[in-house]
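Trainee: Build me a model:
(chains A, B, C and D)
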4 protein chains.
Amino acid sequence: MAFRKIINDPVYGFITIDQPLIFDIISHPWFQRLRRIKQMALAHLVYPGAVHTRLHHALGAYHLMGNALQVLKQKGTAITDEEDTAAKIAILLHDIGHGPFSHALESVLMKNMHHEELSLLLMKQLNREFKGSLQMAIDIFTNAYPKKFLHQLVSGQLDVDRMDYLTRDSFFTGVSEGVIGYDRIIKMLVVHNGTLMVEEKAIYSIEKFLVARRLMYWQVYLHKTVLAAEMMLVKILERARDIGIKNNLNLSDSNLKKFLLHQHKNIADDPAPFCALDDTDVVAVIKSWQNHPDKVLSLLCNGIMNRTLLKVKLQNLPISEAEITHITQRTMKQLDIDEEAASYLVFTGEAVNRTYNPFDEKIHILFKDGQVRDISQVDNALIQHNLSGAVKKFYICYLKSSL
Amino acid sequence: MAFRKIINDPVYGFITIDQPLIFDIISHPWFQRLRRIKQMALAHLVYPGAVHTRLHHALGAYHLMGNALQVLKQKGTAITDEEDTAAKIAILLHDIGHGPFSHALESVLMKNMHHEELSLLLMKQLNREFKGSLQMAIDIFTNAYPKKFLHQLVSGQLDVDRMDYLTRDSFFTGVSEGVIGYDRIIKMLVVHNGTLMVEEKAIYSIEKFLVARRLMYWQVYLHKTVLAAEMMLVKILERARDIGIKNNLNLSDSNLKKFLLHQHKNIADDPAPFCALDDTDVVAVIKSWQNHPDKVLSLLCNGIMNRTLLKVKLQNLPISEAEITHITQRTMKQLDIDEEAASYLVFTGEAVNRTYNPFDEKIHILFKDGQVRDISQVDNALIQHNLSGAVKKFYICYLKSSL
Amino acid sequence: MAFRKIINDPVYGFITIDQPLIFDIISHPWFQRLRRIKQMALAHLVYPGAVHTRLHHALGAYHLMGNALQVLKQKGTAITDEEDTAAKIAILLHDIGHGPFSHALESVLMKNMHHEELSLLLMKQLNREFKGSLQMAIDIFTNAYPKKFLHQLVSGQLDVDRMDYLTRDSFFTGVSEGVIGYDRIIKMLVVHNGTLMVEEKAIYSIEKFLVARRLMYWQVYLHKTVLAAEMMLVKILERARDIGIKNNLNLSDSNLKKFLLHQHKNIADDPAPFCALDDTDVVAVIKSWQNHPDKVLSLLCNGIMNRTLLKVKLQNLPISEAEITHITQRTMKQLDIDEEAASYLVFTGEAVNRTYNPFDEKIHILFKDGQVRDISQVDNALIQHNLSGAVKKFYICYLKSSL
Amino acid sequence: MAFRKIINDPVYGFITIDQPLIFDIISHPWFQRLRRIKQMALAHLVYPGAVHTRLHHALGAYHLMGNALQVLKQKGTAITDEEDTAAKIAILLHDIGHGPFSHALESVLMKNMHHEELSLLLMKQLNREFKGSLQMAIDIFTNAYPKKFLHQLVSGQLDVDRMDYLTRDSFFTGVSEGVIGYDRIIKMLVVHNGTLMVEEKAIYSIEKFLVARRLMYWQVYLHKTVLAAEMMLVKILERARDIGIKNNLNLSDSNLKKFLLHQHKNIADDPAPFCALDDTDVVAVIKSWQNHPDKVLSLLCNGIMNRTLLKVKLQNLPISEAEITHITQRTMKQLDIDEEAASYLVFTGEAVNRTYNPFDEKIHILFKDGQVRDISQVDNALIQHNLSGAVKKFYICYLKSSL
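Mentor: Model prediction:
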């Protein structure tokens, strides 16, 4: 009897693993670490169901990759067994480089290093461990592999990554309107001139996909309470770093401390410390700082733990200097702190979302007559140029005037 | 123990009937007749699950009306028990005037009379039967009742009619992308200055609702195979009417015959014959005409029964005269028939859909600061003026060149 | 590009047809006729969503067959492409012999002929039409094919027929508790010593399946209102037959009449008349008899059309003669009819259900150590001998004492 | 406008909070702590979706309580507004006393104190904080309130606690067969003679509920891999405690350490330390012990982190002494450790489940004729005496013979 493992998934029913190599990758401690990194960081403070993990997302994307490859093969696209496995490995590992709280803390902990770079770096390391059997997956991941559509399935406008995260995030948050017709889109995928595109009849499904994504951004990913919580997380770590030296902050000489202070070794040389980090390291220090003498730090840490978050105002125009100054001074007085300290409690930022960018990210539609057009160029397109510009909103986070 | 009936509904779980009057209306033969009228006419030829009935839709819309009224009451809008019941009755009966195959045959059988007029006429008759207890429901239905928002719930941009039919049609066809967030939209309904509107945070849900509707139109309601089948139905009845006199067509002096020949009595004076019509009357004659000597009639009847449908071409430009002539002549030759006869097998038409019409049909958004704006006027609106124009497509139905 | 048609199914998402022969069978008028036969006869009078068709069920069972065959092949069971197609055809056509209102009217219209016999007879006819390409399907259907497990998939304790109808009927009625874990059971299927069985870890799923079936029987299939309605249907046709000769009943010399009077030709010689019958023929005559002078006939016909059904009492003991006599006499007086006439309005019957019959219908469990045991023989079995006896309930249908 | 908060829940759609007191309780840090305690401890190692929290379960049970109370009121049971609120508070707080990893670590950390006792203790403390407004909730929780059915809704055979956890656990694991018809059961609840029971027509739903629970126990809660993981957790903490003193184990003088060593103060006097504990404290120490010099401890900690779990054998008979001895000695040799150390890696235990206990836990069915019978006493009962005994299985956990 052939090798076969089945995993229950509330989203797709069952996920099948039928190759020992795939199973070995999933069993690797670095992959298992993704169990301890929430896919949606602190979104669960607004959507209590959103506690699913990076590991679960990776498995889901792997499942969709299998479906997509099968559809393309049925439509006559040549894909060898080796390419099939490589594409599945590439998507399984595409997020292996995520650190604690995913995007939220990337800038604080991994200065100057995007999680995709880290994923690649770890994939190379794993490739050595697995004796070269990940090479084609790496080539697909880096778009060095000649069959470009395989890379597009991993990372592109219609990749299985976003199909899974939109579907999964919508499922776990309960925001049912974020549901996309992933199965229909996958069934309409086609490779034409070496490029991944969709058949004509998928036009409305693609529009729906883009609108669902837009909805998920504003309603979930950039929800102002989620924004506030994740910015508080950033401010906690920044504050800890800034007061750390003189306050002899108890980080127990920890692994996290080295990353926070950017004192860790080069990850390419020694990936182990990075691969030991996960959400619990951050939560553990936050819990320990709840009673820290630094007012700002303890206030923020208690806020995250007890869900007493900073207020947020989101608006279309930049926040005025006058408003910032006014609120900052109120906060300085309220807590009897200086301006520098107040800057961790009163701060501004920008939230950006674009529904679709027809310049960077093409979604090609293959018409029955052989024509290929971008989704924004079809007759009576819903997705138009004026929509495609990035939409920027400005926010200010601040402390309530009364505690 | 209070009066209480529970009906299982695969879409909403349970539908509760807790008033004897409502139960009596549902039990009336005219309402029960709706069991024999399919909600989506011949769409089941493409989507085999789409065999649900007008009765089921009416019950579903009634259920959503109950939810909507409850939400509005919780938000402080004054609605008396009598108004509550009346609004529910109005939506239960809003489609009571539908004839066989709903919209598809309306123009053929009920010349010059829209189903809404018929619904009103039958509601008035029922009101006499129920001793005046439907008067307020009629006033709401005709928008004569002072609380205009009740009419808007029955018939308006955000009425429970379309919320149910989009949800239900999407459910039974399996076109899951047509799913709208009806529960979220209902929770965001609010009455402001006597008008029904939605709260600001529903903006993205409303956009999703309009895009889902757009998708359902093009993918389901105006699906070209559905279009062809429903036009064949029309052509069958027209052909039967046109050849009826000289061919002594066996309609068994039936009720249907009188409607087909527009020989029925005034419906207001005698509604019973109309209320005896349903889908089976039409299917029965079509079955009997499958072996009719008139080639055109039998060909069309066999086509519908056996799902060997006319071909359809859908395009953005009108069909050229040359093309029509060419195909007509081929068909005349193919079947050895004259041009008049061929016109039942080769014909053109238009399919029209509009995503949103900001002039006729406002969807008001109530902002937190008290402002009210139309959905097409909000910042970064997806739904824009250029989208809001009606989109017209042109089609030609024709016989395959080889049988 | 390979041949490929996709059908939307609300239950399974998509059903794929990837062989021209399968497509041709589905396109055959005899198969298309199944669109006009409701899967659940009159159950929609209680569960308004239950209007799905035999055609839809056949497509669903075909889909599950595909899944089951794929699982078995992955587990190493040898199944050739030809066998794969044949098994799919066998399940597609397993119900082709159903007449109007399926089981409900079988005894009245098709005296002495079970629908399975009819299915076989029509399959043989189709086999001639398709030049012998259905032979293996017929062998599987009749259990003449050496690989017995293929027949078991079509008709056995764990066949895809009942997996689909339980799933589908549960879906369309909205009785969500009838849901079975069809996907899990299919994944656990295995062929051992040529016999279809399930792996040990499926034990609880199988128990759940049997309990869900039991629930569906009592809650849906044998629901007393459904029972009453279907018995009324039988009584209508019996009454029409019995009064037909002297009353010159208008059956328009119809096709249905021949079956009703058992005057039709041998179906094996001339299957066309049978293949022209469907639900609409029955509804059409019932509609026409609503105003028939025979009180009993018109009362029953109006009852079905307007859903004013006979009352039913269901009990564990047989209905006493005294009670029957009492109610019969009341009814005779009430309508001023004789005893023979009253017997169509007051009658008794039995409803039988068995949860599981370990003697006739084995469900073999394959244990990891190679043992095979019946589900009723495993440790701590839920399904036990005392349960496995048939449970019989007795009912009486009667006219309300006041009309 | 009235007070109203809406929380998205993927299971029930929306959960509404419409009372400030309920909102304040949910906002309390002790309730927020439940966000950091997984509902299903380590079940996510088998079912990756099962990462939902105690907080989410408490909100879900609160939602079902609202539905149940509404149904009972509609059926004429007198329930005051105060009682309504109190019952909701009782269920919201019923699990407030859970410690890290819920049941799994209860015995290790909270020696001699069941989580229900702890819940009560914390409820009393909160009652003081909320100035007595939780008193009726406490009376309901402790069954001191005269209307006993309110306690039965919180804790009884048909309580909303198990309805939510079965529904929720089934949803998040993706074990769809565990789905129960909670909405139907709730609609069939009735209070008769002051006792909570269900109407006769719910019999099959109740049977389904008990069978679903049985399935969830064996397939999920007592899944042997979950069992192994949770026992490893226990062994880690026991090992740490046992080697702690002489090994100067780094527990940073932490809060967790005090509980581990049972050195914490009386919780009734000082609940704060207990209310600071959550899953992250345990994960943090396990991570830190991955490189501990104690072979046994580090092996177990690495096992949990990397999901390289002990093997388990589950059987109906007790594990023989010979087998235990044999494996223990192999392990001693394998790791070069003594017998005492090996006892953390090779150990036995029992898993117990009962489908239904008709003696302790009655499910009363109210028949239409006024009779009341237990579910195991109805005609043709599925749930019988021989099923109702507890089923005990015996397991042994051990280290693979090769590492």
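
Trainee: Could you check the pLDDT of A:P358?
Mentor: Per-residue confidence (pLDDT) for A:P358: 59.

Trainee: which residues of the stretch 1-150 of chain A fall in helices?
Mentor: Ranges of helices in the stretch 1-150 of chain A, per DSSP state H, counting those that start in this stretch, are A:20-27, A:29-32, A:54-74, A:81-92, A:102-109, A:115-129, A:135-141, A:148-154.

Trainee: just the angle between the fourth one and helix A:20-27, please?
Mentor: Relative orientation of helix A:81-92 with respect to helix A:20-27: 10 degrees, computed using axes from the mean of the first three to the mean of the last three Cα atoms, to 10 degrees.

Trainee: any idea of the mean pLDDT in stretch A:371-379?
Mentor: 83.

Trainee: Extract the CA atoms of that stretch and return them as PDB.
Mentor: Taking Å, rounded to 0.1, in the frame of the first residue of the first chain, the C-alpha atoms of stretch A:371-379 are listed here in PDB:
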ATOM      1  CA  GLN A 371      -7.000  37.000 -27.200                       C
ATOM      2  CA  VAL A 372      -5.300  37.800 -23.900                       C
ATOM      3  CA  ARG A 373      -6.400  40.800 -21.900                       C
ATOM      4  CA  ASP A 374      -5.900  42.100 -18.400                       C
ATOM      5  CA  ILE A 375      -8.800  41.900 -16.000                       C
ATOM      6  CA  SER A 376      -8.900  45.700 -16.000                       C
ATOM      7  CA  GLN A 377      -9.200  45.800 -19.700                       C
ATOM      8  CA  VAL A 378     -12.200  43.600 -20.300                       C
ATOM      9  CA  ASP A 379     -15.500  45.000 -21.400                       C
END
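
Trainee: buried set for that stretch?
Mentor: Across stretch A:371-379, burial judged by 16 or more other Cβ atoms under 10 Å in any protein chain shown covers A:R373, A:D374, A:I375, A:S376, A:V378. For every residue, glycine as well, the C-beta is placed using N, CA and C.

Trainee: Look up the closest residue to the third one, ignoring the ones flanking it.
Mentor: Across the structure, with Cβ to Cβ, 6 or more residues apart in numbering or on different chains as the measure, the residue nearest A:I375 apart from its sequence neighbours is A:I363 (4.3 Å).

Trainee: likewise A:R241?
Mentor: Nearest one to A:R241, counting by Cβ to Cβ, 6+ apart, is A:L260 at 5.5 Å.

Trainee: right, and the one you found touches A:E238 too?
Mentor: No. Here A:L260 does not reach A:E238: they are 9.2 Å apart, not a contact under Cβ atoms under 8 Å.

Trainee: who in the stretch 51-200 of chain A is up against chain D?
Mentor: By Cβ under 8 Å from any Cβ of the partner chain, the residues of the stretch 51-200 of chain A that approach chain D are A:V51, A:H52, A:T53, A:L55, A:H56, A:L59, A:F171, A:F172, A:T173, A:G174, A:V175, A:S176.

Trainee: biggest separation within those residues, which pair?
Mentor: Greatest spatial distance in those: A:L55 and A:S176, 23.9 Å, computed using Cβ to Cβ.

Trainee: The two: who's more crowded?
Mentor: Ranked by neighbour count (other Cβ atoms under 10 Å in any protein chain shown), A:L55 and A:S176 place A:L55 first, with 23 against 17.
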